[in-house]
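Asker: Generate coordinates for the sequence data below:
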Amino acid sequence: MKTASRHGITVTGYSPGAKIGMYAGFGAAGLAVGYMLPRIADWALRLPWFPFEDTARLIHSLDGPYLKWILAFLGLLAGFVLAFIAVWESLKAAISNHEVSLEQGENRRTIPRRDIASVFLDGKELVILGTSGHELVRMPGVEHPEDLAEAFQNHGYPWSADGDPFKDRYRRWVPDLPELPPSAHALLKVRERALKEKNKKDIAELREELAKIGYIVRDEGVNQYWRPVEKPPVKK
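Answerer: As a prediction, this is how the structure comes out:
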């Protein structure tokens, strides 16, 4: 990930050169694996514990003068697809003294600086807390946190190097906890199922629904941790 500054804006994300390198690297790896796949299948058949023997026998039986080139081409395409997914799911940020623009896949957000109270990382997720106490942004795809932290700090944003300033306030959700109202329990129960099914759309939408009734939630695997919305101290 490269950080570049132009016209008072710092942009973090994969540079054009890095993107080319990723496509070249993934493509070359895919090409090599595809080309060698019949030989790999032949080698795997000699292993007594190999679990995909039928698949390996099929690949080995199709070995021929043109098959390795066809597989190499398919491997090249697969490598390009993996590189595209890696770039698509990475977080790109454009940070100025006045606002922050974020892009990750189809998710795009712009937040004015005046609305931001704290910025920090939660694992590989970028989190921005608003002056209202709500999470304005929680976006994954942070590959090089040092570059992102430096960009925010260079523009004077309230970066929390220690992470979430409210991290000690979170409690693990368990059904029927008396501190939570029935509406929150209902949303968290449905969201738990969405986490198990890895339904990203429902996970995000239910997070927003919980925020509307005054609760912030963070995840560790399929476990959910909650806290009530609290206004953070605004850092100058």
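
Asker: What is the subsequent helix or strand relative to the helix-or-strand element of the chain with minimal mean pLDDT?
Answerer: None of the helices or strands of the chain scores lower by mean pLDDT, DSSP states H and E than strand 2-6, at a mean of 53. Following strand 2-6 in sequence order, the next helix or strand is strand 9-13 (DSSP states H and E).

Asker: Can you report the mean pLDDT over the residues of the following helix or strand past that following strand?
Answerer: Using DSSP H and E, the helix or strand that follows strand 9-13 towards the C-terminus is helix 16-44. Here helix 16-44 scores 82 as its mean pLDDT.

Asker: Where does pLDDT dip in this protein?
Answerer: By pLDDT under 70, the low-scoring segments of the chain are 1-7, 43-46, 48-65, 232-236.

Asker: strands paired with the one helix or strand Ala94 maps to, and their directions?
Answerer: Following DSSP H and E, one finds Ala94 within strand 92-95. Strand pairing for strand 92-95, using DSSP bridges, gives strand 9-13 (antiparallel), strand 99-104 (antiparallel).

Asker: Now the first one - C-alpha only, PDB.
Answerer: Spelled out, that is strand 9-13. Written as PDB, here are the backbone C-alpha positions of strand 9-13 (Å, rounded to 0.1, in the frame of the first residue of the first chain):
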ATOM      1  CA  ILE A   9      -5.200  15.300   0.000                       C
ATOM      2  CA  THR A  10      -3.400  12.100   1.200                       C
ATOM      3  CA  VAL A  11      -4.500   8.900  -0.600                       C
ATOM      4  CA  THR A  12      -3.900   5.500   0.800                       C
ATOM      5  CA  GLY A  13      -4.400   2.300  -1.100                       C
END
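
Asker: Just the strands from the protein, written as ranges.
Answerer: 2-6, 9-13, 92-95, 99-104, 107-112, 116-122, 125-130, 135-139, 171-172, 215-220, 223-228 (DSSP state E).
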